[in-house]
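[1] here is my input, please return the structure:
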Amino acid sequence: MIKALALLSVFWVNTALASNHKFSDFFNSLESLKANFTQTTYSDTHSLLSSASGTLTFGRPQQLHWHTTQPNEQILLLNNDELWLIDAELEQASLQKIQDLSKTPLYWLINKPSSLQHLPIFSHQENQVDWYTANTSTQALKFGFKDNLLHAISLKNELEQTVLINFDQLVVNPEINPEIFVLELNPNFDIIR
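    Presented below is the predicted three-dimensional model:
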């Protein structure tokens, strides 16, 4: 019995270490990314509050085009040190104050694990998804991997709501036209700086 427990613990340690290598390998090799996403928000009692979908385009070091198409068209555009929220329906673009990104999933896209300390660690497997938990002082942040690719991100926001982002049709290191990260607005848009 003791031998079986020892073998099981060695197997678990080896699985956890291999899983942590998957996380680091993925983010260390990542230079660009394209995917579709579905984002759902749940209350602290697990009731569905909202859902949205769209596309994500990312390029290192700090370029993000997060295009929500449903239910309303909005774009979150990061180009180096400028973060814009663009609302197509309101014809409004507002420059956002960039806060401490270390408390957001974007931090893990921008920075390679080889340059970071306190990497997310393998926590469990559920529905064939390997989940990794990041130790942040303010929120629970989890990354889900399936078939060695980023499959989902889960976080709790300041209202204790769970935000779950699922990715599909994910392409790692595609060629990206840099113009997608350039702010181009219709002249009718109001600009708030």
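[2] show me the contacts for the most centrally placed residue in the chain.
    For the chain, Pro105 is the residue whose C-alpha lies nearest the centre (C-alpha atoms, centre = their mean; 4.4 Å). Counting by C-beta atoms under 8 Å, 6 or more residues apart in numbering, Pro105 touches 141, 143, 153, 155, 165. Yep, even glycine has a C-beta here, placed from its N, CA and C like the rest.
[3] contacting residues for the fourth one?
    Put plainly, it is Leu155. Counted by C-beta under 8 Å, 6+ apart, Leu155 has contacts 105, 139-142, 162-163.
[4] and for it, nearest residue in space, chain neighbours not counted?
    Ranked by C-beta to C-beta, 6 or more residues apart in numbering and with sequence neighbours excluded, the top spatial neighbour of Leu155 is Leu141, at 4.8 Å.
[5] name the element His118 belongs to?
    Under the criterion DSSP states H and E, no helix or strand holds His118.
[6] okay, now it: neighbour count?
    9 (other C-beta atoms under 10 Å).
[7] still on that earlier bit, and the residue nearest to the centre of the chain, how far from Ile165?
    Shown here: Pro105 relative to Ile165, a distance of 8 Å by C-beta to C-beta, to the nearest Å.
[8] mind giving me the packing neighbours of the strand or helix carrying Ala134?
    Using DSSP H and E, Ala134 sits in strand 129-135. With contacts taken as 3 or more C-beta pairs under 8 Å, 6 or more residues apart in numbering; DSSP states H and E, strand 129-135 sits against helix 2-29, strand 121-126, strand 140-146, strand 149-156.
[9] and the second one, what's buried?
    Read that as strand 121-126. Phe122 (16 or more other C-beta atoms under 10 Å).
[10] quick one: mean pLDDT over it.
    In this model, strand 121-126 has an average pLDDT of 91.
[11] what of the first one?
    When pLDDT is averaged over helix 2-29, the result is 53.
[12] continuing past that helix, what's the next helix or strand?
    The first helix or strand that comes after helix 2-29 along the chain, using DSSP H and E, is strand 32-42.
[13] do me a favour and average the pLDDT over that next one.
    97.
[14] for the following helix or strand past it, the distance to its chain's centre please.
    Downstream of strand 32-42, the next assigned helix or strand under DSSP H and E is strand 48-59. Centroid separation for strand 48-59 versus its chain: 10 Å, with C-alpha atoms, centre = their mean, to the nearest Å.
[15] and the helix or strand Val163 falls within, what does it pack onto?
    Element membership of Val163, judged by DSSP H and E, is strand 162-172. Contacts defined by 3+ C-beta pairs under 8 Å, 6+ apart place strand 162-172 against strand 32-42, strand 149-156.
[16] between it and strand 48-59, how many degrees?
    Going by axes from the mean of the first three to the mean of the last three C-alpha atoms, to 10 degrees, strand 162-172 is angled at 30 degrees with respect to strand 48-59.
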